[in-house]
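Participant: the sequence isn't on hand, but the structure is:
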Ligand SMILES: Cc1ncc(COP(=O)(O)O)c(C=O)c1O
Ligand SMILES: N[C@@H](CCOP(=O)(O)O)C(=O)O
């Protein structure tokens, strides 16, 4: 069953619907059976289908590239510097290099169940990269709208290479999503942005995996970048479900980080309101979260308020510095948006919002190679030398 998060109106699973017909708000899938012992998952392969009893599609008919089961990596150097117990959940290790694959395996499996022939999305890059791969796997037509000139190279290459029909929109992501949503409402295609509640059912497994990694305990805090605001909502749903099922006693403080130039959720949080006012011209180096009107703002703000969490901005300089630091001190390569989580943790520790000794899990959402241009621009150019050993030694000595 699907339910409106605002008025509670209920809809059947086989109805293709993105907003409540009664009040216009967004929808969620209702998990009905919590009577499953956690031992059920023991000995299963480490991917998100390990938790199939909590997923609202038929796992035997899944469209899958073996997503989920991503590395959970301690960060002792950064953690010690900050005085916290820090971990990163490396979502760049998913098949197309971002957490979106978790959503797409669910979304595409649902698309097959519904019998649709065309799928689509608007994207700042990763959603389109993922959808195009899963559509190729499922043999479906795929249409993606991208904001012209604002998509990182790796992501654009993926969407094109997997055979999506890529349309470059002369406008920002929010405008592209509006146009794509209208197409979906006219039943031209099945929309697989995160307004689709089945997408988020896949992404909630990040929350499942974090507590599973920690030996069925909740961390004190989960920190992640927020753009269209689906992921923070999904992870909160995941940990809340495992709490409801009795697998964990506590819940994490959900902490969302946005770039200073694209921070409608942080603005709402600072005003203690549920009302998100869109940012007209969002701008940030972290193109993945260059979003001014997040569709899941209601769910995200609930996640933050209900978990006693926090929302914080970081500057582009802080994002780029954190990206480099994570790569050089811990060996973990992530794209700029993902590094916003680390930049946010640093700020919140310095401001005393995160306590010393807290167990903090940052969700690093996408791989470094998604945005090679930004990575290369952050480094000094390689030195050039002929293949002469003496010259090479001289160069290395004059480091
Ligand atoms: C790498 C990356 N990180 C973070 C986000 C933000 O996630 P959400 O839109 O679910 O808030 C996105 C896309 O939106 C992304 O591609
Ligand atoms: N960063 C996203 C923006 C769209 O988010 P979605 O979760 O609603 O699909 C992207 O990669 O396109």
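Facilitator: Looks like it arrived, so ask away. Since we're looking at a predicted model, the values are computed, not measured. Numbering: from 1, shown residues only. Ligands and ions are numbered 1, 2, ... in the order given.
Participant: next one: the helix or strand harbouring residue 265 to chain centre, how far?
Facilitator: Element membership for residue 265 (DSSP states H and E) is helix 264-270. In terms of C-alpha atoms, centre = their mean, to the nearest Å, the centre of helix 264-270 is found 19 Å from the chain centre.
Participant: and for stretch 18-31?
Facilitator: 21 Å.
Participant: likewise for stretch 273-290?
Facilitator: 15 Å.
Participant: end to end, how far does that stretch reach?
Facilitator: 22 Å (C-alpha to C-alpha, to the nearest Å).
Participant: give me the average confidence score over it.
Facilitator: For stretch 273-290, mean pLDDT rounds to 97.
Participant: mind checking what helix or strand follows the helix holding residue 265 in sequence?
Facilitator: helix 297-306.
Participant: how far does the next helix or strand after that next one sit from its chain's centre?
Facilitator: Toward the C-terminus, helix 297-306 is succeeded by strand 310-314 as the next helix or strand (DSSP H and E). Offset of strand 310-314 from its chain centre (C-alpha atoms, centre = their mean): 16 Å.
Participant: so what are the sheet partners of strand 310-314 and their directions?
Facilitator: Strand partners for strand 310-314, identified by DSSP bridges, are recorded as strand 253-259 (parallel).
Participant: orientation of the strand it pairs with relative to helix 297-306 in degrees?
Facilitator: Per axes from the mean of the first three to the mean of the last three C-alpha atoms, to 10 degrees, the angle that strand 253-259 makes with helix 297-306 is 130 degrees.
Participant: who in the chain is up against ligand 2?
Facilitator: 100, 121, 123-127, 193-194, 227-228, 230, 288 (C-beta under 6 Å from any ligand atom). Where you see a C-beta, it was placed from the backbone N, CA and C, and this is true even at glycine.
Participant: residues near residue 106, how many?
Facilitator: 32 (other C-beta atoms under 10 Å).
Participant: same check, this time on residue 244
Facilitator: Neighbours around residue 244, by other C-beta under 10 Å: 11.
Participant: try residue 360
Facilitator: Residue 360 has 28 neighbouring residues, counting by other C-beta under 10 Å.
Participant: let's verify it: helix, strand, or coil?
Facilitator: strand (DSSP: H, G, I helix; E, B strand; the rest coil).
Participant: quick check, it in contact with residue 221.
Facilitator: Yes: when contacts are counted by C-beta atoms under 8 Å, residue 360 is listed as touching residue 221 (4.8 Å).
Participant: need the overlap of contacts for the two.
Facilitator: residue 354 (C-beta atoms under 8 Å, 6 or more residues apart in numbering).
Participant: and for residue 386, the neighbour number?
Facilitator: 8.
Participant: that one and residue 316, how far apart?
Facilitator: 38 Å (C-beta to C-beta, to the nearest Å).
Participant: again, but for residue 100
Facilitator: Residue 100 is 23 Å from residue 316, by C-beta to C-beta.
Participant: repeat for residue 4
Facilitator: 37 Å.
Participant: comparing these two, which shows the higher neighbour count?
Facilitator: Neighbours were counted for residue 4 and for residue 316 using other C-beta under 10 Å; residue 4 has more, 20 against 17.
Participant: apart from its neighbours in sequence, what residue is nearest the more buried one?
Facilitator: residue 20 (3.7 Å; C-beta to C-beta, 6 or more residues apart in numbering).
Participant: phi, psi of the one you found?
Facilitator: phi -60, psi 130 (degrees, to the nearest 10).
Participant: contacts only, for it.
Facilitator: 4, 6, 7, 9, 26, 27.
Participant: what about the third one, neighbour count?
Facilitator: Residue 7 has 11 neighbouring residues, counting by other C-beta under 10 Å.
Participant: check the secondary structure at it for me.
Facilitator: coil.
Participant: that one against residue 24, yeah?
Facilitator: No: applying C-beta under 8 Å, one finds residue 7 not in contact with residue 24, separated by 9.3 Å.
Participant: so which bits of the helix holding residue 265 are buried?
Facilitator: Residues 264, 265, 266, 267, 268, 269 are the ones in helix 264-270 that count as buried (16 or more other C-beta atoms under 10 Å).
Participant: nearest spatial neighbour of the closest residue to ligand 2 within the stretch 251-399 of the chain, skipping sequence neighbours?
Facilitator: With C-beta to the nearest ligand atom as the measure, residue 288 is the residue of the stretch 251-399 of the chain nearest to ligand 2, at 4.4 Å. Spatial nearest neighbour of residue 288, excluding adjacent residues (C-beta to C-beta, 6+ apart): residue 337 at 3.7 Å.
Participant: how about the closest residue to ligand 1 within the stretch 1-150 of the chain: what's its closest non-neighbour residue?
Facilitator: As assessed by C-beta to the nearest ligand atom, ligand 1 sits closest to residue 126 within the stretch 1-150 of the chain, at 3.6 Å. What sits nearest to residue 126 in space, not counting adjacent residues and going by C-beta to C-beta, 6+ apart, is residue 98, at 4.1 Å.
Participant: contacts only, for the one you found.
Facilitator: Listed by C-beta under 8 Å, 6+ apart, the contact set of residue 98 reads 91, 92, 126, 129, 130, 365, 366, 367, 370.
Participant: out of these, who has the most neighbours?
Facilitator: For these, counting by other C-beta under 10 Å, the largest number of neighbours falls to residue 130: 34 neighbours.
Participant: so which helix or strand takes in it?
Facilitator: Using DSSP H and E, residue 130 falls in helix 126-138.
Participant: buried residues in that helix?
Facilitator: Buried-residue list, helix 126-138, by 16+ other C-beta under 10 Å: 126, 127, 128, 129, 130, 131, 132, 133, 134, 135, 137, 138.
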